[in-house]
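Asker: my questions are about this predicted structure, shown below with the sequence.
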Amino acid sequence: MQLEAKNIGFRYHQNPWLFRNFSLTLNSGEILGLKGQSGCGKTTLARILAGYEKTLEGRIELGGAPLPKVGYRAVQLVFQHPEKSVNPRWHMRDILQEGWQPDDELLARFGIQQDWLSRWPNELSGGELQRFCVVRALSPETKFLIADEMTAMLDAITQAQIWQAILELAKERDLGILVVSHEKELVKRVCDRVIELDSVHLERNSFIS
Amino acid sequence: MTIEYNPDDFKSTEIGPGYKSLLEVSDLSVSFVQYQKGLRQRVLKVISNLDISLGSGEILAVVGSSGSGKSLLAHAILGILPNNAICSGKILYKNELLTPERQKKIRGSEITLVPQSVNFLDPLMRVSAQVRTAVRQGNPEEAQKKIFRRYDLSEGVGNQYPFQLSGGMARRVLISAAVINGSKLIIADEPTPGLHPEIVTETLNHLRELTDEGCGVMLITHDISTALQVADKIAVFYAGTTIEITPAADFHGQGQALRHPYTKALWQSLPQNDFTPIPGFQPLPANFSEGCLFAPRCGKITSECTGSLPVMQDLRSGKVRCHHAT
């Protein structure tokens, strides 16, 4: 299966185009890195690929068809700030099980303790919350994961723990992953190939290394 | 247009002899009084027996994961902890006790904070006007213009609102507001998250410049690679205390020069090294035990470790809190 962006273009209101004529193909089982200056539209691109935002030009295709509008989303996005992506008035158990019911084995692989499930989000640290955000996005129906600076706020050990668990799962399930990150070393370590989103040279945006 | 400025204008006044140690924190503990059910209270200790020292001309990086107490340390030094916090231990600034009255007097002038992000600026105020409000002495407008010239911020930038600034410019505005009163001790709390590598380097260079002029900088970060780019000394935090203080140069190779098992694990888990994590997680303050707080995750655990918190000991030009330090 492939997740494809075909000649997409986007801008907010009447602001200059963030990118135009940009294409990208992410294959199942592939781990692709996305680099670019701050403010060049990486997060916007991630949102478009996951269906949070509609592209203004071109189209997004999943397995040759447009992104489905109903049902479980096979393209899941994990954000940079876990504190901002969980409902502060829900218990962790409800947050975790909103989309699907992860089993204990998966929780253990991501180091989630059973007694965390009865806590409130403000009782856990950023690293602990992010594990929940990753697991809740990883239902068996998920085919592609978009990690938008997923571990930028976490310490090195937690970062390695989360990535090792994800990489292992990606191999088992043939997941495709887009890694949006500033961290050169992380991208070098986990990605099969890397593309650059370069807002200064719009022409080069269609170029894939 | 050429911008003229005389570097001497910005030199901090000389820190007299005897201030080799600008800041000294010893045996600091911070607890919070919290309500549980109804009127029942509990006292939650979040920082225990913490020691660090910082000399002038030095960058000390405080490295630890979220919840390790890094930011609370900064707040304790500035005296801006919330009312339900109980502080014990000693903080010396220029060899004199830093009392609440003294903190109030010198924070914002002698001791200053570089905050994390542009969100700390007033969104409805032009940045030049905001920076002027920070000036304690002399003509605010002149001082602001001078400091903007130093940080290469044009008058056009000064007339903008915070949301219009790029990441790098916002960073320079925050630094200029912090150092405009010629502070000697600069505490930078996570000044570089989510920034492009070039902007990170630029920010770190600005901090380095300040130490070259005799300031002391405390750089608080969760990112060890950022810390290593610029710091002289690294203090590693874990579960509310310092577990190791080491020269930055000891982070090399397989981490053989490092002293504490956690520091070694932290170094090994970087993507440029092994990328292999140790299992487990940092305990929450409510679950802090009597003994070494890293013991449950440590490969070298013995009965000694669970009994009492190891004391800080000197080891090879650094300090470590571990019975099995090597």
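Answerer: Cool, got the structure. Residues are numbered from 1 along each chain as shown, chains lettered A, B, ... in the order given.
Asker: ranges for the strands of chain A?
Answerer: For chain A, applying DSSP state E gives strands covering A:2-10, A:19-27, A:31-35, A:57-62, A:65-66, A:75-78, A:144-148, A:176-180, A:193-196.
Asker: report the longest helix in the chain, please.
Answerer: Going with chain A. Once chain A is assigned using DSSP state H, the helix that runs over the most residues is helix A:156-173.
Asker: sorry, I should have been clearer: chain B.
Answerer: In chain B, taking DSSP H as the definition, the longest helix is helix B:197-212.
Asker: flag every buried residue along that one.
Answerer: B:199-200, B:202-204, B:206-207, B:209-211 (16 or more other C-beta atoms under 10 Å in any protein chain shown). C-betas here are computed from N, CA, C, even on glycine.
Asker: just stretch B:269-289 next, same as before
Answerer: B:269-271, B:273, B:275, B:277-278, B:281-285, B:288.
Asker: okay, those residues in TSV with secondary structure next?
Answerer: Putting those into TSV (DSSP: H, G, I helix; E, B strand; the rest coil) gives the following:
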residue	secondary structure
B:S269	coil
B:L270	coil
B:P271	coil
B:N273	coil
B:F275	coil
B:P277	coil
B:I278	coil
B:F281	coil
B:Q282	coil
B:P283	coil
B:L284	coil
B:P285	helix
B:F288	coil
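Asker: could I get stretch A:19-32 in PDB with only the CA atoms?
Answerer: Taking Å, rounded to 0.1, in the frame of the first residue of the first chain, the C-alpha atoms of stretch A:19-32 are listed here in PDB:
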ATOM      1  CA  PHE A  19       4.500  24.600  -0.900                       C
ATOM      2  CA  ARG A  20       3.100  23.900  -4.300                       C
ATOM      3  CA  ASN A  21       3.500  21.100  -6.700                       C
ATOM      4  CA  PHE A  22       4.800  18.900  -3.900                       C
ATOM      5  CA  SER A  23       4.700  15.200  -4.300                       C
ATOM      6  CA  LEU A  24       5.700  12.400  -2.000                       C
ATOM      7  CA  THR A  25       5.200   8.600  -1.800                       C
ATOM      8  CA  LEU A  26       5.400   6.700   1.400                       C
ATOM      9  CA  ASN A  27       5.300   2.900   1.000                       C
ATOM     10  CA  SER A  28       4.200   0.400   3.600                       C
ATOM     11  CA  GLY A  29       7.100  -0.700   5.700                       C
ATOM     12  CA  GLU A  30       9.100   2.400   4.800                       C
ATOM     13  CA  ILE A  31      10.400   4.900   7.300                       C
ATOM     14  CA  LEU A  32      10.800   8.300   5.600                       C
END
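Asker: mind checking if it is in reach of chain B?
Answerer: No. When contact is scored as C-beta under 8 Å from any C-beta of the partner chain, no part of stretch A:19-32 falls within range of chain B; the minimum is 13.0 Å.
Asker: and the residue positioned nearest the centre of chain A, how close does it get to B:F294?
Answerer: Centre of chain A computed as the mean C-alpha position; nearest residue by C-alpha atoms, centre = their mean is A:I146, 1.9 Å away. Shown here: A:I146 relative to B:F294, a distance of 34 Å by C-beta to C-beta, to the nearest Å.
Asker: and what of B:V63?
Answerer: 15 Å.
Asker: got the residues of chain A near chain B?
Answerer: Counting by C-beta under 8 Å from any C-beta, the residues of chain A close to chain B are A:37-39, A:80, A:111, A:113, A:123, A:125-128, A:149, A:152-161, A:163-164, A:182-186, A:188-190.
Asker: counting only helices, which of the residues you listed make the cut?
Answerer: In helices, defined here by DSSP H, the members of these are A:126-128, A:156-161, A:163-164, A:184-186, A:188-190.
Asker: for ChimeraX, what selects the buried ones among those?
Answerer: To isolate the buried subset of those in ChimeraX, counting by 16+ other C-beta under 10 Å, use the following:
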select /A:126,127,128,156,157,158,159,160,161,163,164,186,189,190
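Asker: next up, the contacts around the residue of the stretch 51-200 of chain B found nearest chain A.
Answerer: Here the residue of the stretch 51-200 of chain B nearest chain A is B:S65; by C-beta to the nearest C-beta that distance is 3.4 Å. Taking C-beta atoms under 8 Å, 6 or more residues apart in numbering or on different chains as the contact definition, B:S65 lies against A:125, A:127, A:154-155, A:157-158, B:222, B:238, B:282.
Asker: will you turn these into CSV that also has distance to B:C322 and pLDDT?
Answerer: Formatted as CSV, the entries for the contacts of B:S65 read as follows, by distance: C-beta to C-beta, whole Å; pLDDT from 0 to 100:
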residue, distance to B:C322, pLDDT
A:S125, 23, 86
A:G127, 23, 88
A:L154, 24, 89
A:D155, 19, 90
A:I157, 17, 94
A:T158, 21, 93
B:H222, 21, 92
B:Y238, 11, 93
B:Q282, 16, 89
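Asker: in a markdown table: those residues, plus distance to B:R136.
Answerer: Shown next, in a markdown table, are the contacts of B:S65 (distance: C-beta to C-beta, whole Å):
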| residue | distance to B:R136 |
| --- | --- |
| A:S125 | 37 |
| A:G127 | 39 |
| A:L154 | 38 |
| A:D155 | 37 |
| A:I157 | 42 |
| A:T158 | 41 |
| B:H222 | 32 |
| B:Y238 | 37 |
| B:Q282 | 39 |
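Asker: next, the spatially closest residue to B:S166 that is not a sequence neighbour: phi, psi?
Answerer: Nearest residue to B:S166 in three dimensions, chain neighbours excluded: A:G39, at 6.5 Å (C-beta to C-beta, 6 or more residues apart in numbering or on different chains). The phi/psi pair for A:G39 (degrees, to the nearest 10) reads phi 80, psi 10.
Asker: burial of residue 49, as a residue count?
Answerer: Because you didn't say which chain, this covers chain A. For A:L49, the neighbour count with other C-beta atoms under 10 Å in any protein chain shown is 27.
Asker: wait, chain B
Answerer: Counted with other C-beta under 10 Å, residues neighbouring B:N49 total 18.
Asker: which residues touch it?
Answerer: For B:N49, the contacting residues are B:27-29, B:89, B:241, B:309, B:312, taking C-beta under 8 Å, 6+ apart as the criterion.
Asker: with that, I have no additional questions.
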